[in-house]
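Novice: give me a 3D structure for the following:
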Amino acid sequence: MELGFACTEEYEEQLNMFFSTISWLAAYPWKAQTFLGHGHTIPFKNIKGKEFILFLNDRKLKISDSPEYADYRGEKINLLWLVPITQKDKEFIENNGVDEYLKDRDLSKIHVLGSSNC
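Specialist: So this is what the prediction gives:
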C-alpha cells in the first residue's frame, strides 16, 4: 500500500504538515492492528473547512495522472489517495456508501485538494 496526497499551489505551504500526516498514517495500521482501505475515513482537523480524510483507492477511480507501480511479488500495489472532506461528506458516506458519494462526481481530480472537485 502507498499513500498519496496532491494539492494545488494554494495549499503548498501546508505540504510539510501533510508529509508528517502521511508518515504517521503509514505506521497507524501496525500500531492500531487495523488496515486502511478504500472508503475509510479518519478525523483530520488541520485544514479549515475539512474535518476528515477519506481514503480512495487509485485503481477503483482510474485516475489518469496517478503514478504507475510495478507489481510487487505478483501483487498489484494499492495507492490510497488522502482526500480531505467535510463532516457533511462523511455523514453522507456513512449513510450511503463511498460509491454513492463518488457516483456523480468528476473523478479526474477528486484527489487534488484545491481543485473544484475536492
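
Novice: tell me, which helix in this protein spans the most residues?
Specialist: Counting by DSSP state H, the longest helix found in the chain is helix 15-32.

Novice: does the spatially most central residue of the chain belong to a helix, a strand or coil?
Specialist: By CA atoms, centre = their mean, the mean C-alpha position of the chain lies nearest to L82, the distance being 2.1 Å. Following DSSP: H, G, I helix; E, B strand; the rest coil, the label given to L82 is strand.

Novice: what pairs with it across the strands?
Specialist: F55 (DSSP bridges).

Novice: give me every residue that touches it.
Specialist: Neighbour list for L82: L3, G4, F5, F18, T21, I22, L25, I53, L54, F55 [criterion: CB atoms under 8 Å, 6 or more residues apart in numbering]. For glycine as for every other residue, the C-beta is placed from the backbone atoms N, C-alpha and C.
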